[in-house]
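Peer 1: Sharing a sequence plus its predicted fold:
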Amino acid sequence: MDVFDIYDKMERNNILLSFKGEITSELLTSILQIMENKMENMQEEPRVRKKVYNVLVECLQNLYHHLDDVPEVDDKARSAIFTIGKLDNRYTIVTGNYILNENVIGLKSRIDQVNKLTKEELKEYYKRILSNGEMSLKGGGGLGMIDLARKTGEKLEYNFLEIDNKVSFFTLNIKVSNQPN
């Protein structure tokens, strides 16, 4: 393994923080603390820090709460990846984790539904899910994806890479600008 190659790629992509491994609640707390400190040291505006922090919390909670119990894929089933980078005035948060193939269509259709909605429609959709008590098996009703779209004002970019006939690797790419939504 060429560590400089990894370093160089991270440097070129302005990666501030990267993690690969098992997601635990202790890890989430540490990552959030590290990013809070980094943004403070970068003298990021409080409004931007808050926005990035809130989106980061949502992304990491999605990873933590929605990791599927997938059959062991080379011992990596509970493993996930997370990176946060900053280029110009935009932060990019990328998460990746294994997902059961049987859950791909449902997740894809929920994200596509969120991506079709305007800012106002997102607000109404969020309220409707809350008031209807429509919850997913994992308890969220898809609120996390709606929340990400509302907080960022951006479309959610995603990809599913089929690993085998049981699991795929799900990647979510969230952009957070320092502009008000």
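Peer 2: Arrived safely, thanks for sending.

Peer 1: Let's verify the residue nearest to residue 34 when sequence neighbours are not counted: helix, strand, or coil?
Peer 2: Leaving aside its chain neighbours, residue 34 sits nearest to residue 17 (6.1 Å; criterion: Cβ to Cβ, 6 or more residues apart in numbering). Where you see a C-beta, it was placed from the backbone N, CA and C, and this is true even at glycine. Using DSSP: H, G, I helix; E, B strand; the rest coil, the structure places residue 17 in strand.

Peer 1: State the number of residues packed around residue 17.
Peer 2: When neighbours are defined as other Cβ atoms under 10 Å, residue 17 has 15 of them.

Peer 1: ok, what's across the strand from it?
Peer 2: Beta-bridge partners recorded for residue 17 (DSSP bridges): residue 84.

Peer 1: so who does it touch?
Peer 2: Residue 17 is in contact with 31, 34, 35, 38, 82, 83, 84, counting by Cβ atoms under 8 Å, 6 or more residues apart in numbering.

Peer 1: Determine which two of those are furthest apart.
Peer 2: 38 and 82 (14.2 Å; Cβ to Cβ).

Peer 1: pLDDT score for the nearest residue to residue 126 once chain neighbours are set aside?
Peer 2: Once flanking residues are discounted, residue 126 sits nearest to residue 146: 4.9 Å by Cβ to Cβ, 6+ apart. pLDDT, residue 146: 93.
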